[in-house]
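Trainee: Here's a sequence, model it:
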Amino acid sequence: MPQVLYRQYRPQTFSEVVNQEVIKTTLKNSVNAGALAHAYLFTGPRGVGKTSIARILAKAVNCLRLSEGEPCGKCSNCAQIRDGNFMDLVEIDAASHTGVDNIREIIEHVKFSPSAGKYKVIVIDEVHMLSKGAFNALLKTLEEPPAHAIFILATTEINKVPVTIISRTQRFDFRQLSQADILTQLKLVIRENKFKIPEEALKLLARAAGGSMRDALSLLDQVLSFGSEKISLEEAEEILGLAPFSLNQDFFELLLDKKPAPAVRFVKELAMKGRDLNMFLNGFLEYIEMVLSFQVSGAERESTGLVLEDFEKLELQAARATRGQIVRMADLFLSAFQKIKSSPIPELPLELAAIEFMEADDPQKFSSDANSQKINGSGQTQADLPAENEAAGEVRNEPEISSNLTGSEDDLTAEIVSKWNEFVARVREYNHSLISSLKLATIVASDKKRLLIGFPYRFHKEAVEQRKNKIVIEKVLEETFGRPMKLECCMNHEIDDYKKKFKPAMTGPSLVDEAIKIFGISQS
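Mentor: Residues are numbered from 1 along each chain as shown. The predicted structure follows:
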């Protein structure tokens, strides 16, 4: 039975491991000099070579014909390790051997001298899964290890490994592999096996692998199992359940065109067709980054891996979108990516992000009172105002002012309106993503210590109310108006109720009046 590709192409020497140059060089030099640590900790994403290098290190320290730190791969010890029957190499998966008894068995095994090699090597994969008791048992052995034992601990979640364990190991942090690294290896595999797969499909696999070489080879295996002599890009997309690349560009175009109904329908159709929305959104975020990168530094078609038609569309969309739009789009859909995993309706975060992007670009077109024009402090309608100049930090719309204020409230609120552009420009310096929410704000009321603003949509209100954002806004309020001010937020339909609660603080009795009332002091 033929081996799957990721086993067939598992590295057998340090030089065969893709990337991780610093780690490979350090370990080779240590082996060559005989300066070995008693315990190593390999941490990093999955599929980047942690367990492969652990086995290679086990080979190197037991190789009978070592050459400049590299195992020969041909001696009896190297061959037995390669075939998985070397008595002095013990590998356990901590995910299924979490208990203290499992570790005690290893400790007993380690006490005995090696039977064939120079060192007993113990590899514990996913070590963060060990129980507290198992860690405690392991800790004692790491403190006083036998001279002939080497422990190699591997984990994808270093934050779950006790610091007492980490401090007793030599730690190596493995890097996620780049798409270029993975693509190079995939090309090697198809060349050696004479597979016929276009480079565009290989680049698709490299992107879908998420930095994991093991995942990339598994995906290639999946595509090859289709059985065709030649796999096209479209077939690869269909086999892997990936959305065609063109869908990213179609969705991007709908957002730039500010077409909410088609955009929402687009997302619903993806869901109805059974597309993995997580995977689609991941691909769409990659496309946003591609557009931004093209805007900033340009690119040749060959470096993008796109067919001519898709590359030409990339050029057009990069020329059409503003830098501010791309940044806003990335911010909104990154947030949607986090929410989609826990949403009971997977398509909802995508739909909301699309609507919010288009609304922030053109708030009047999509707000609930789109047919009425807001009036700013100088009597101009929004249509009279100059276009937004993102680069200069100018804000297109003055906020709406709630009516029926008293004279004193009106004066204080007018002060807020008069400096609102200055305030928003200052906020931009701290947090650009808040601008789209603040542009939709309605100034409801203000006193010397508080500012109440309303929002047409809850997600804008919640964004502003996030603790880190509120701290920034209140800091900028103090900078702009020369006094500390607390921010209060409400929904537009709640304005009347909030004004009732807000007003007494401005027009009610002072603290002195309250003291006089409580203590019965005469005012005569």
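
Trainee: switch to C-alpha atoms for all contacts and neighbour counts from now on
Mentor: Fine.

Trainee: what about the strand or helix carrying Leu220, distance to the chain center?
Mentor: Assessed by DSSP states H and E, Leu220 sits inside helix 213-224. Computed by CA atoms, centre = their mean, to the nearest Å, the chain-centroid distance of helix 213-224 equals 23 Å.

Trainee: For it, which residues meet the burial criterion?
Mentor: Buried positions in helix 213-224, judged by neighbour count with 16 or more other CA atoms under 10 Å: Met213, Arg214, Asp215, Ala216, Leu217, Ser218, Leu219, Leu220, Val223, Leu224.

Trainee: Would you mind pulling up the elements that it packs against?
Mentor: helix 5-8, helix 179-193, helix 199-208, helix 233-240 (3 or more CA pairs under 8 Å, 6 or more residues apart in numbering; DSSP states H and E).

Trainee: Could you pull out the buried residues of the longest one?
Mentor: It refers to helix 179-193. For helix 179-193, by 16+ other CA under 10 Å, it's Gln179, Ile182, Leu183, Gln185, Leu186, Lys187, Val189.

Trainee: What of stretch 150-161?
Mentor: For stretch 150-161, by 16+ other CA under 10 Å, it's Ile150, Phe151, Ile152, Leu153, Ala154, Thr155, Thr156, Ile158, Val161.

Trainee: Tell me the one of those residues nearest Phe280?
Mentor: Thr156 (25.0 Å; CA to CA).

Trainee: before we move on, back to that, Met272: which of the buried residues of stretch 150-161 is nearest?
Mentor: Looking across those and measuring by CA to CA, the closest to Met272 is Thr156, at 34.6 Å.

Trainee: Let me have the buried residues of helix 213-224 in JSON lines, adding pLDDT and distance to Pro484 as columns.
Mentor: Converted to JSON lines, those look like this (pLDDT from 0 to 100; distance: CA to CA, whole Å):
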{"residue": "Met213", "pLDDT": "92", "distance to Pro484": "54"}
{"residue": "Arg214", "pLDDT": "91", "distance to Pro484": "55"}
{"residue": "Asp215", "pLDDT": "90", "distance to Pro484": "54"}
{"residue": "Ala216", "pLDDT": "90", "distance to Pro484": "55"}
{"residue": "Leu217", "pLDDT": "92", "distance to Pro484": "59"}
{"residue": "Ser218", "pLDDT": "90", "distance to Pro484": "58"}
{"residue": "Leu219", "pLDDT": "88", "distance to Pro484": "57"}
{"residue": "Leu220", "pLDDT": "89", "distance to Pro484": "60"}
{"residue": "Val223", "pLDDT": "85", "distance to Pro484": "62"}
{"residue": "Leu224", "pLDDT": "83", "distance to Pro484": "65"}
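
Trainee: distance between stretch 181-189 and the chain's centre?
Mentor: With CA atoms, centre = their mean, you get 25 Å for stretch 181-189.

Trainee: and what of stretch 94-103?
Mentor: 32 Å.

Trainee: For Leu139, give its distance to Leu130.
Mentor: With the distance defined as CA to CA, to the nearest Å, Leu139 ends up 12 Å from Leu130.

Trainee: Quick check: which of the buried residues of helix 179-193 has the minimum pLDDT.
Mentor: Across the buried residues of helix 179-193, the smallest pLDDT goes to Gln179, namely 82.

Trainee: got a list of what the residue nearest to that residue when sequence neighbours are not counted touches?
Mentor: Distances taken as CA to CA, 6 or more residues apart in numbering place Ala206 nearest to Gln179, at 5.3 Å, with adjacent residues excluded. For Ala206, the contact set (CA atoms under 8 Å, 6 or more residues apart in numbering) comprises Gln179, Ala180, Ile182, Leu183, Ala216.

Trainee: export those residues to TSV and tack on distance to Ala33?
Mentor: Output for these, formatted as TSV (distance: CA to CA, whole Å):
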residue	distance to Ala33
Gln179	34
Ala180	33
Ile182	32
Leu183	34
Ala216	35
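
Trainee: Quick check: phi and psi on the residue nearest to Lys118 when sequence neighbours are not counted?
Mentor: Nearest non-adjacent residue to Lys118, counting by CA to CA, 6+ apart: Asn62, 5.5 Å away. With angles defined as degrees, to the nearest 10, Asn62 sits at phi -120, psi 0.

Trainee: for Val472, same thing?
Mentor: Here Val472 shows phi and psi, under degrees, to the nearest 10, equal to phi -60, psi -50.

Trainee: So it sits against His432, correct?
Mentor: No: Val472 is beyond contact range of His432, at 11.4 Å (criterion: CA atoms under 8 Å).

Trainee: Now do the SS call for Phe42.
Mentor: strand (DSSP: H, G, I helix; E, B strand; the rest coil).

Trainee: and the closest residue to it other than its chain neighbours, what is it in contact with?
Mentor: In space, and not counting its chain neighbours, Phe42 is closest to Ala154: 4.6 Å by CA to CA, 6+ apart. By CA under 8 Å, 6+ apart, Ala154 lies in contact with Leu41, Phe42, Thr43, Lys50, Thr51, Val123, Ile124, Asp125, Glu126, Val127.

Trainee: ok, and the most crowded of these?
Mentor: Val127 (27 neighbours; other CA atoms under 10 Å).

Trainee: pretty sure it contacts Val161?
Mentor: Yes: in this structure, Val127 is within contact of Val161 by CA under 8 Å, at 7.4 Å.

Trainee: For Met279, which non-adjacent residue is spatially closest?
Mentor: Leu242 (7.0 Å).

Trainee: tell me which of the buried residues of helix 179-193 is nearest to Leu451?
Mentor: Among the buried residues of helix 179-193, and counting by CA to CA, the member closest to Leu451 is Gln179, at 49.2 Å.

Trainee: OK, contacts around that closest one?
Mentor: Lys203, Ala206, Arg207, Gly211.

Trainee: host element of the residue most central in space within the chain?
Mentor: For the chain, the residue nearest the mean C-alpha position is Leu334 (7.1 Å; CA atoms, centre = their mean). Leu334 is part of helix 323-340, with elements assigned from DSSP H and E.

Trainee: That helix: how far from the chain's middle?
Mentor: 11 Å.

Trainee: Against which helices or strands is that helix packed?
Mentor: So helix 323-340, by 3+ CA pairs under 8 Å, 6+ apart, packs with helix 277-297, helix 347-361.

Trainee: okay, and for the chain, where does confidence drop off?
Mentor: 1-2, 227-229, 301-305, 360-411, 502-524 (pLDDT under 70).

Trainee: and with 50 instead?
Mentor: 1, 363-398, 401-407, 504-524 (pLDDT under 50).

Trainee: how's it carved up into domains?
Mentor: 5-173, 179-240, 245-361, 382-507 (automatic domain parsing).

Trainee: okay, how far is it across the longest one, tip to tip?
Mentor: Its first and final residues considered, domain 5-173 spans 25 Å by CA to CA.

Trainee: and Gly454, what does it touch?
Mentor: So Gly454 contacts Ala441, Thr442, Ile443, Val444, Lys461, Cys489, Cys490, Met491, Asn492, Ile495 (CA under 8 Å, 6+ apart).

Trainee: can I assume the third one is in contact with Leu452?
Mentor: Yes: in this structure Ile443 lies within contact range of Leu452 using CA under 8 Å: 6.4 Å.

Trainee: quick one, which of these two is more surrounded?
Mentor: Ile443 (24 against 21).

Trainee: Name the nearest residue to Phe333, ignoring sequence neighbours.
Mentor: Using CA to CA, 6+ apart, the closest residue to Phe333 is Ala353 (6.0 Å).

Trainee: tally of neighbours for that neighbour?
Mentor: For Ala353, using other CA under 10 Å, the count is 21.
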